[in-house]
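[1] Sequence and predicted structure are below.
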Amino acid sequence: MYRAIYSFQCKDAGGLSFREGEKFTVLDQATDPHWWKVANDHGRVGYVPANYIQKETSKTEEVLKSIDNAMEFIHMAATSKGGVYTKDQRDTLQKLLEHRQLVLNDQSTGAPSQPSRTAPDLNSTHRTSTKTRTAPRPPSSGSPPPPSMGTKSSVESDTKGSEDKSDQTRNMSTKSRSAPPPPQRADVTPTETEVSSPPTELNSRESPTTSPVRSAPVAPNSSSSSVTSSPLRSPTRPAPTSPPMSPTRDQVIIPPRLGVELVEKVRVNTGLSHDKSQLAIATVICHMRDSVPGLADAMEVVLANLERRRTSSSSTLPLEGGHDQERLQVIFQELTECKDDSQQRSWALHEDERIITDHLQELITILSDADPKVCRAVIQQNHYEAIHDLVLYYQMELRSSLRLLLLKTFGALCGLDPEALSNLLSSILPVELARDMQTDTQNIQKLTFSALVCTMLLSSGEPIPYTHYDIFTEDFVTYLLDKIDDPPESDEDEQIPDLFVNLILAYNLHFRVPADNIVMKALAGRRTVKTFSEKIMLLVNRGEDPVRMFDHEPKPPDSLLKMMGDIFSSSDTSGIFYTNDMMVFIDIIIRQLNDLSSGDSVRTEYLSLIHSILMNTPYFDHRHRLDELQRVFAGINEEEGEESQQDKLILAEVKKLFPHDCPVRF
């Protein structure tokens, strides 16, 4: 904690005025040893002359209170502008948070803990350039001049004609102006102090090769006497000085988050997705590295940092307080308020539809295009509170257009995070979707979105709450099978049959025991499921699992192989396939067994399938491709190694199913 030992009035942008006794938190004192960046208790940030303030010993509670006050004022300022933080505000909040953490770390173990406050974070060393920032003007001519390197005579000769250049000098940057000297105490009689000429651009006219160095402000001298007026303190010509020396190329320090910040700027200013923004920045940096040899090392560092953050599995955000993070927090808060409003009224206030629509559309765009780590960090807050609020809002919202947008939002959330999907599955949302699909059959767009989202929720195979089975009954599966055979007339694109087949495949993942399988019970109770069996066989032939939508871990079983295994586990359901379909399926099995290698779990599943087919279907009536099957079995039996043991055990059981009139050749 620092305290002002003098008052200071600043008239330039970037500087900070203060009164004697005012306290500050120092944010940056490394960039310029004479001008420090500070924040006061009111959250105002600016540069002050270092010799106007001094460090003092303060209680930890007092330091934390000052930091929290500054943070609170910044939050209030951002809230008054719609919750959007400027880059400077984010930068200041980050430095305040870091300083607060240092104070807490230094605090003794027995000291009471201080409340913390979540704030946007931006690890950046952004600072207003000294080439454009105007330093505070010096005080009145009655103040002593700052000491400089040189002689008094050189200063006087160099400042000749200052009045003619006063207008030009007033607009000079800190490169040509020094920090102000502190004022003299009223009870001290000033004496004349020797003033040397600073090595500024005044002297650089004589020695152009000399690097300019900023002059240090003068500390007050209680033993000094009267001082001679100096043109450096003339109100018509500010004192010239220079900024800190720029590092040479070998001394260039690349901020580790520079690449991430560039990606953020491209995304915010162009609307490109996070992946495309990364590609754009990487392309530009690669070209600069190859085209400008002097920048090669620096650009290589930026590229390495970008790649490391791209491939990192850490959940740490690459950029705290970024635009996407801020917008997600604001949108979720706004939608929560909409949900609360809906709870207080039984009629729709249609005037808010446009606003809610804009929020949901922006939310969908961010969830789809932003950095997934940023989205996950926001939705995980408070145990996925935002997701549960959205589900409650979906229950209460009756307007079809908004419900469609909410369904799209749920779909984006399912692909974002497995925990988000799990929270949605455990919520009331699957029940709401199942009800909607059975009651609102004419709204095809809503029906297709409901079926798709419901499939996403069930695709993990994670057990659903027992209460959900009150809706996901055998009647529900029968309804789906009916619509597959006889879709609504308004379904001109015939999307419903395919979506409902996928939904049944996903639902079937939740049953481990075929005897308790609601899907199998619904199939066994029907005479024919011609369209369903044809579509299943088509999917099996393609070899693509339509339910495997996400890359979440752990991966669920293959829904097609599980469906076929459950169907052929009983003679009650194996009859849904026609003989020609059975022959096609056997062709597929032979092809897969020839292509798959030993130890592959998929090959084991296909062998289990052929065992079920031989046991629960009249296969030996037609014996389709039996010779080829036996050759495949013989090849597997000849394999060596532990990885083939499970397959050989299945073949041993297969042998027992061969009738006496059918010789076994494996």
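    Noted; the coordinates are in hand.

[2] Return, as residue ranges, the portions of the stretch 301-450 of the chain with sub-threshold pLDDT.
    Applying pLDDT under 70 to the stretch 301-450 of the chain flags the ranges 315-316, 318-319, 342-351.

[3] what's the burial count for residue 24?
    Counted with other CB atoms under 10 Å, residues neighbouring residue 24 total 24. Backbone N, C-alpha and C define where each C-beta goes, glycine included.

[4] which SS class is it?
    Classification of residue 24 using DSSP: H, G, I helix; E, B strand; the rest coil returns strand.

[5] Next, the contact list for it, please.
    Residues counted as contacts of residue 24 (CB atoms under 8 Å, 6 or more residues apart in numbering) are 1, 2, 3, 4, 18, 38, 39, 40, 48, 53.

[6] try 6 Å this time
    2, 38, 40 (CB atoms under 6 Å, 6 or more residues apart in numbering).

[7] Which of those residues sits closest to residue 67?
    residue 40 (11.1 Å; CB to CB).

[8] residues contacting that closest one?
    residue 24.

[9] partner residues bridging it?
    residue 24 (DSSP bridges).

[10] Now do it, the pLDDT please.
    Looking at residue 40, its pLDDT stands at 86.

[11] Work out which residue lies at the spatial centre of the chain.
    Residue closest to the average C-alpha location in the chain (CA atoms, centre = their mean): residue 374, at 1.2 Å.

[12] does that residue really touch residue 326, like I thought?
    No: look at residue 374 against residue 326 with CB atoms under 6 Å: they stay out of range, at 10.0 Å.

[13] Run a quick neighbour tally on residue 308.
    11.

[14] quick one, what contacts it?
    Applying CB under 6 Å, 6+ apart, no residues contact residue 308.

[15] and what of residue 465?
    Going by CB under 6 Å, 6+ apart, the list of residues near residue 465 is empty.

[16] now it: how far from residue 452?
    21 Å (CB to CB, to the nearest Å).

[17] Quick check: phi and psi at the residue lying farthest from the centre of the chain.
    The centre of the chain is farthest from one residue, residue 661, which by CA atoms, centre = their mean lies 66.0 Å away. Main-chain torsions, residue 661, degrees, to the nearest 10: phi -80, psi 10.

[18] which stretches of the stretch 351-500 of the chain form helices?
    Secondary structure of the stretch 351-500 of the chain (DSSP state H, counting those that start in this stretch): helices at 353-369, 372-379, 385-396, 400-416, 418-426, 429-439, 444-458, 474-485, 496-508.

[19] hang on, the earlier thing: now the residue farthest from the centre of the chain: how far from residue 620?
    Counting by CB to CB, the gap from residue 661 to residue 620 is 9 Å.

[20] What of residue 570?
    Counting by CB to CB, the gap from residue 570 to residue 620 is 18 Å.

[21] Same drill for the two, tell me which one is more crowded.
    Higher neighbour count among residue 570 and residue 620: residue 570, with 17 against 13, using other CB under 10 Å.

[22] Now the more buried one. Its backbone dihedrals?
    The phi/psi pair for residue 570 (degrees, to the nearest 10) is phi -140, psi 140.

[23] How about residue 427?
    The phi/psi pair for residue 427 (degrees, to the nearest 10) is phi -80, psi -170.

[24] got a list of what it touches?
    residue 391.

[25] Distance check, it against residue 375.
    For residue 427 relative to residue 375 (CB to CB), the value is 19 Å.

[26] Likewise for residue 397?
    Residue 397 is 22 Å from residue 375, by CB to CB.

[27] cool, residue 396 as well?
    24 Å.

[28] Who has more neighbours out of these two?
    A direct count of neighbours by other CB under 10 Å for residue 396 and residue 375 places residue 375 higher, at 24 against 15.

[29] What's the separation between that one and residue 546?
    25 Å.

[30] No more questions from me, cheers.
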